[in-house]
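Enquirer: next comes the sequence, and after it the predicted model I'd like to discuss.
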Amino acid sequence: MMQVQSALVRAMLVAAVALTGFNLRPFITSIGPLAGNIQEHTGLGLQGMAMLTLVPMLLMGCVAFIGPALQNTFGARRSIIAALLVICCGCALRLLSISGWSLIATAALIGLGSAVIQAIFPGIIKREFARQVGPMMGLYSAMLMGGGALGAVTAPDVSSSTGLWTVGLAWFALPAAAALLLAWCVLPIDKGMSRTEGTARRLLARPRTWLLMLCFGLMNGGYTSVVAWLAPAFQERGWSAGASGGLLAVLAVSQALSALTLPWFARNALDRRPWLWFTLAMQGIGFAGLALAPDLAALAWVIILGCGLGGCFALLMIVALDHLPDPAQAGALTALMQGGGFLIAATPAWLVALLHDMTGSYKVGWMGHVATVLVVAILVWRFAPGRYAVAMRAPAVTRTQQDMLLPAAPVMPIHDTR
C-alpha cells in the first residue's frame, strides 16, 4: 500500500478513479447489441434477457443501503479491491456461460461488485479530493458512461472477429483486471473515514428521502429500458448488431457530455429545477421520437434522450447534496436516493419486455416512459431550495437526533466548481 505523497502517485490515483468508473457499465450495455446471439444460443426469451439488466439493478439498489455498514466492517479500500476482483472474475466466467441461467448468474456477480463500488467509491473521492470533488465526480461519472459506450461498440466487434459471442462479453475482464491492479497499488489505506451508524435510519424517516428515491428511480428506469431494448428495437427494424450497438454508444457519449456540462452551466443557479425540467423535456422528446417516428431521425432521438438522461442523473445527485449542509449526511442521503432509486429502476426494463410480448412492439413501452417523465416533472416542483430545511426536519425525533440531522443555518445549494 502506498501513501499519496507524489504527483505521480496522485496522477495514478486519478487514473484509478477513471478506470474504476469505466468498469461499472460495459457488462450491461454489451448485452443489447448481442441480444440476437444470446437468445439463439441460450434460449432466453425477452423477459429472461431483461433479467440480465434487472438483477444487477436490484443489487445496486440493495447494496446501496448497506454500503456504510460494509465500509465500517471491512474498510473502503478492501471493499473496493474485493469488488473489482468480483467484477473481473464475473466477466471472465462469461467466457464459459452458454446457458441462460449461467449468464444471469454472472450478471448478478458483476452487478454485486459494481453495487459495492457505487455505494462506497464516492466517499473515497470526497476524502482524497476534498477540494476537487466536483471535477472528480464528473470524471468518475463520465468514465462510467464512457465505459457503457465502449461496451456497446466493442462487444459486437469482438464477437464478430472471434466468432464467439461469449468472448464479446468476457473480454471486459481485461480492463477490470487493470483497474484491480491499479487500485491495489494506489488506493490509500483507510484513515479519517467517519462512521455513519444510524444516519440512514434517521434519513429514512423523512418523506423527502423517499421523494428523491422515487424521482431518481423513475428517471433511471428510462435508462435501464433504453440500455436493454434500444439495440433490439432497431434490430427488429433491420439494423445490424454493430449499427444498433453504435446507437447505444452514441447514447452513452451523449450522457457523459451532458453529465459533465449541464452541472457546470447550472453551477450558479440556487434553484436547479429549471435545469431538471430542461433535461426531462429532452427525455420526453427522445422517448416520443423512438415511439412515434423511430426511422425519421433515430440518431437525433438517441442524442436528445442521452443528453436528457445524463444531465438529469448528475443534477439529481447535486439536488440531493443540496438538501443538507453536512457532507457526511448529504452523502448518506445521496446513497439512499441511489439505493431506492435503483430498486425502482430495475422494473421498467422488464415491463417494456412484457409490453413488447403483449403488443409485438416497443412503442407502448417508450410511450410509457414519456408518461413517467411527465410524472417526474410534476414531482420536481417540490424541490424548491428554500424548503430544503423544512423538508429534512422529522416530525417526531428526539432533540439530539434533530440536532444531528438539521442544519444549524438555512440550507443553501452547493456552488459547483465544475
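Expert: Arrived safely, thanks for sending.
Enquirer: show me what the helix or strand harbouring Ser114 is packed up against.
Expert: Using DSSP states H and E, Ser114 sits within helix 100-128. On a contact count with 3 or more CB pairs under 8 Å, 6 or more residues apart in numbering; DSSP states H and E, helix 100-128 meets helix 7-22, helix 26-29, helix 35-42, helix 46-74, helix 76-93, helix 133-162, helix 327-359. All C-beta spots, glycine's among them, are computed from the backbone N, C-alpha and C.
Enquirer: that one - what's its average pLDDT?
Expert: Helix 100-128 carries an average pLDDT of 85.
Enquirer: could you do stretch 353-362 as well?
Expert: Computed over stretch 353-362, the average pLDDT equals 89.
Enquirer: now Phe65. Nearest residue, chain neighbours left out?
Expert: Spatial nearest neighbour of Phe65, excluding adjacent residues (CB to CB, 6 or more residues apart in numbering): Gly339 at 4.7 Å.
Enquirer: any idea how far Gln71 is from that neighbour?
Expert: Gly339 sits 14 Å away from Gln71, going by CB to CB, to the nearest Å.
Enquirer: in which helix or strand would I find the residue lying closest to Ala281 once chain neighbours are set aside?
Expert: Spatial nearest neighbour of Ala281, excluding adjacent residues (CB to CB, 6+ apart): Gly308 at 7.3 Å. Secondary structure from DSSP H and E places Gly308 in helix 298-322.
Enquirer: coming back round to it: ok, now which ones touch the residue nearest to Ala281?
Expert: Shown in contact with Gly308 (CB atoms under 8 Å, 6 or more residues apart in numbering): 258, 279-286.
Enquirer: distance check, it against Ala69.
Expert: Distance, Gly308 to Ala69, using CB to CB: 34 Å.
Enquirer: kindly report the same for Gly368.
Expert: 36 Å.
Enquirer: the two: which is more packed in?
Expert: Shown here are Gly368 and Ala69; by other CB atoms under 10 Å, Gly368 has more neighbours (19 against 14).
Enquirer: quick one: residues contacting the more buried one.
Expert: 348, 351-352, 355.
Enquirer: reformat the contacts of Gly308 as CSV; add secondary structure.
Expert: Compiled in CSV, the contacts of Gly308 are given as follows (DSSP: H, G, I helix; E, B strand; the rest coil):
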residue, secondary structure
Ser258, helix
Thr279, helix
Leu280, helix
Ala281, helix
Met282, helix
Gln283, helix
Gly284, helix
Ile285, helix
Gly286, helix
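Enquirer: going through those residues, which ones are buried?
Expert: Using 16 or more other CB atoms under 10 Å as the burial test, these include 258, 279-280, 282-286 as buried.
Enquirer: near the residue nearest to Phe65, how many other residues are there?
Expert: Counted with other CB under 10 Å, Gly339 comes out at 24.
Enquirer: ok, it - contacts?
Expert: Gly339 touches 60-65, 67, 119, 213, counting by CB under 8 Å, 6+ apart.
Enquirer: of the residues you listed, which one scores lowest on pLDDT?
Expert: Gly67 (71).
Enquirer: grab the nearest non-local neighbour of it.
Expert: Computed as CB to CB, 6+ apart, the closest residue to Gly67 that is not its neighbour in sequence is Ala119, at 2.7 Å.
Enquirer: wait, what's in contact with the one you found?
Expert: Contacts of Ala119 by CB under 8 Å, 6+ apart are 63-64, 66-68, 70, 335, 338-339.
Enquirer: distance of it from Ala15?
Expert: For Ala119, the distance to Ala15 - CB to CB - is 22 Å.
Enquirer: do Ala183 as well
Expert: To Ala15, Ala183 is 10 Å away according to CB to CB.
Enquirer: which one's more surrounded, these two?
Expert: Each of Ala183 and Ala15 has its neighbours counted (other CB under 10 Å); Ala183 has more, 23 against 14.
Enquirer: contacting residues around that one?
Expert: Ala183 makes contacts with 16, 20, 80-81, 84, as judged by CB under 8 Å, 6+ apart.
Enquirer: that one and Val14, how far apart?
Expert: Separation of Ala183 from Val14 (CB to CB): 12 Å.
Enquirer: one step back: will you turn the helices and strands packed on helix 100-128 into JSON lines that also has distance to Phe172?
Expert: Compiled in JSON lines, those are given as follows (distance: least, CB to CB, whole Å):
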{"stretch": "helix 7-22", "distance to Phe172": "10"}
{"stretch": "helix 26-29", "distance to Phe172": "5"}
{"stretch": "helix 35-42", "distance to Phe172": "15"}
{"stretch": "helix 46-74", "distance to Phe172": "13"}
{"stretch": "helix 76-93", "distance to Phe172": "5"}
{"stretch": "helix 133-162", "distance to Phe172": "7"}
{"stretch": "helix 327-359", "distance to Phe172": "20"}
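Enquirer: now, of those helices, which is deepest in the fold?
Expert: Highest mean neighbour count among the helices and strands packed on helix 100-128 (mean count of other CB atoms under 10 Å): helix 26-29, with a mean of 28.
Enquirer: so where's this structure uncertain?
Expert: For the chain, applying pLDDT under 70 flags the ranges 1-5, 68, 130, 133-135, 138, 191-198, 327-328, 331, 394-418.
Enquirer: residues contacting Phe22?
Expert: Contacts of Phe22 were listed using CB under 8 Å, 6+ apart, and they are 143-144, 146-147, 150, 175, 179.
Enquirer: just checking, Gly45 touches Met51?
Expert: No - counting by CB atoms under 8 Å, Gly45 does not reach Met51; the two are 10.0 Å apart.
Enquirer: quick one, domains of this protein?
Expert: Following the TED database, one finds the domains of the chain at 9-190, 201-392.
Enquirer: list the contacts for Phe287?
Expert: 222, 305, 366-367, 369-370, 373.
Enquirer: look up the closest residue to Ile104, ignoring the ones flanking it.
Expert: Of all residues not flanking Ile104 in the chain, Met51 sits nearest, at 5.1 Å (CB to CB, 6+ apart).
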